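1. okay, predicted coordinates and the sequence, questions at the end:
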Amino acid sequence: MDYVTERGLAPFHPFQAFPYQRFEGNPNIGREKAMEFCFRAVDMSDRIWIFGVSHGTLQEVNIALAKKKPIELHLHLDSEWRRFYEELGKKYGNPLDYMIYS
């Protein structure tokens, strides 16, 4: 969040906005509903910055792409991103490929 703030922007971080124990870890909400909140956050955001790769971030990227939202990759902050992308990317249509390899 500091990285974004230092660039003069207001960060919206799903882990801060939707704490695990209150959302995904809450049996009355769970993973699917928690992800709906994250997808709505993509809708309200002017741009999407990706700092790592997970099932959730790849789904969010696909939503952002469909809505033609600007996406910036800041993967240099996550030393494990490539391993996760190789493992998960195909499942979500390799949505980062055009940004990484272009």
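-> All right, it came through fine. Predicted model, so just to flag it, every value in this text is computed and none were measured.
2. do a quick rundown of the strands in this structure.
-> For the chain, applying DSSP state E gives strands covering 48-50, 71-73.
3. pairing partners for the last one, with directions?
-> Sheet partners assigned to strand 71-73 using DSSP bridges are listed as strand 48-50 (parallel).
4. distance of the nearest residue to Ile50 once chain neighbours are set aside relative to Ile48?
-> Using Cβ to Cβ, 6 or more residues apart in numbering and skipping the chain neighbours, the partner closest in space to Ile50 is Leu73 (5.2 Å). Placement of C-beta: from N, CA and C, glycine included. Leu73 sits 10 Å away from Ile48 when distances are taken as Cβ to Cβ, to the nearest Å.
5. neighbour count winner among the two?
-> Per other Cβ atoms under 10 Å, whichever of Leu73 and Ile48 has more neighbours is Ile48, with 20 against 15.
6. which residues does the more buried one form beta bridges with?
-> Ile71.
7. gap between it and Pro95?
-> Taking Cβ to Cβ, one finds Ile48 at 11 Å from Pro95.
8. again, but for Ala41
-> 17 Å.
9. Ile48 is in contact with Leu65, isn't it?
-> No - counting by Cβ atoms under 8 Å, Ile48 stays clear of Leu65, with 9.2 Å between them.
10. which neighbours do these two have in common?
-> Overlap of the contact sets of Ile48 and Leu65 (by Cβ atoms under 8 Å, 6 or more residues apart in numbering) consists of Ile71.
11. with distance to Glu87 and mean pLDDT added, can I get the strands of the chain in TSV?
-> Converted to TSV, the strands of the chain look like this (distance: least, Cβ to Cβ, whole Å; pLDDT from 0 to 100):
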stretch	distance to Glu87	mean pLDDT
strand 48-50	16	96
strand 71-73	17	96
